[in-house]
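>>> Could you look at this predicted model? Sequence included:
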Amino acid sequence: MKKRIANFLRKKYLCTLCCTENNQPWANTFYYYFDNDNNRLLYISSDQTLHGRVMKKNPNVAGTIFTPTRFNPSLQGLQFTGQAKMLEGEDAEIAKTLYNRDYQHYLIDELPVWEVRLEFARLIDHSLGLFSTMEWRLGDNDDESEWDNLDV
């Protein structure tokens, strides 16, 4: 993943995630941990919530992570798509250990841990120039220059 996108994901902590069932969209918000080694967001949530039930049937998700601001030149945000999945067994234990690095809460042991495997990310970063964007797709060469695909 491009360094600037990964750095943005590491610095933030709150995400809006959207899923759909029967052409009905639903959005939820959660605190996440970014697992850079696996290009995924980790979070905890009950599998009995509406979004939990929907994502078990349709794992295709989209979401946003952004820095709230009214000052347009400092606007930064990320739009993404990916696959959501409730983790089990050893995968869940590893993910909970990672999640615990940033969050300590009794619910971590009581609720299932989920991952969103990122497939696409678009970073909007006005600090690079108004309307500047940078994109990453699963399978992109990670050694590629960040500036090769920068839209300004």
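It's in.

>>> what residue lies at the spatial centre of this structure?
With distances taken as CA atoms, centre = their mean, L41 lies nearest the centre of the chain, 4.6 Å away.

>>> Keeping just the C-alphas, turn the helix or strand encompassing it into CSV.
Taking DSSP states H and E as the definition, L41 sits inside strand 40-44. Provided in CSV are the C-alpha atoms of strand 40-44 (Å, rounded to 0.1, in the frame of the first residue of the first chain):
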residue,chain,number,x,y,z
ARG,A,40,-7.1,-4.5,6.6
LEU,A,41,-9.2,-2.6,9.2
LEU,A,42,-10.0,-4.5,12.4
TYR,A,43,-13.0,-3.7,14.6
ILE,A,44,-15.3,-5.3,17.1
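
>>> helix or strand right after that strand?
Next helix or strand after strand 40-44 toward the C-terminus (DSSP H and E): helix 50-57.

>>> Quick one: mean pLDDT over that next one.
Mean pLDDT, computed over helix 50-57, is 94.

>>> Output the contacting helices and strands for it.
In this structure, helix 50-57 packs against strand 14-21, strand 24-31, strand 76-86, with contacts taken as 3 or more CB pairs under 8 Å, 6 or more residues apart in numbering; DSSP states H and E. (Glycine included, C-beta is placed from N, CA and C.)

>>> which parts of stretch 97-116 are buried?
Buried residues in stretch 97-116, counted by 16 or more other CB atoms under 10 Å: 98-99, 111-116.

>>> Cheers, nothing more for now.
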